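**Q** heads up, no residue letters with this:
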């Protein structure tokens, strides 16, 4: 059940963000909105890469002690 709710929440968030970006293009200057979208994508990519590197450096499962 939780996986279903998580998937539905992801669908909602994707739809919300897409609709909000379309609204911003209609309401404001498209060049500024596009710049904001690009900067947000760059920031998300940097954060995702940083978290990926930290996850590789500090995995969830501890290695068994060496004897």
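**A** Happy to help now that I have it. It should be emphasised that the depicted structure is a prediction, and the values quoted were computed from it without experimental measurement.
**Q** element containing the residue nearest the centre of the chain?
**A** In the chain, the residue lying closest to the centroid (C-alpha atoms, centre = their mean) is residue 44, at 5.8 Å. Secondary structure assignment for residue 44, by DSSP states H and E: helix 30-57.
**Q** any low-confidence regions in the protein?
**A** 62-67 (pLDDT under 70).
**Q** just to revisit the earlier point, tell me the contacts of the residue nearest to the centre of the chain?
**A** By C-beta atoms under 8 Å, 6 or more residues apart in numbering, the contact set of residue 44 is empty. The C-beta positions use only the backbone N, C-alpha and C, and glycine is treated the same way.
**Q** State the distance from it to residue 60.
**A** Using C-beta to C-beta, to the nearest Å, residue 44 is found at 22 Å from residue 60.
**Q** now do residue 12
**A** Counting by C-beta to C-beta - residue 12 and residue 60 are separated by 28 Å.
**Q** which of those two has more neighbours?
**A** Neighbour count, other C-beta atoms under 10 Å: between residue 12 and residue 60, residue 12 has more, with 10 against 5.
**Q** The stretch of helix or strand that one belongs to versus helix 30-57: what angle between them?
**A** Assigned by DSSP H and E, residue 12 falls within helix 2-27. Here the directions of helix 2-27 and helix 30-57 differ by 150 degrees (axes from the mean of the first three to the mean of the last three C-alpha atoms, to 10 degrees).
**Q** buried ones in helix 2-27?
**A** residue 24 (16 or more other C-beta atoms under 10 Å).
**Q** Tell me which other helices or strands it touches.
**A** helix 30-57 (3 or more C-beta pairs under 8 Å, 6 or more residues apart in numbering; DSSP states H and E).
**Q** at 6 Å what do you get?
**A** With contacts defined as 3 or more C-beta pairs under 6 Å, 6 or more residues apart in numbering; DSSP states H and E, helix 2-27 has no helix or strand neighbours.
**Q** start the count at 8, not 1, going forward
**A** Done: numbering now begins at 8, and the last item shifts to helix 9-34.
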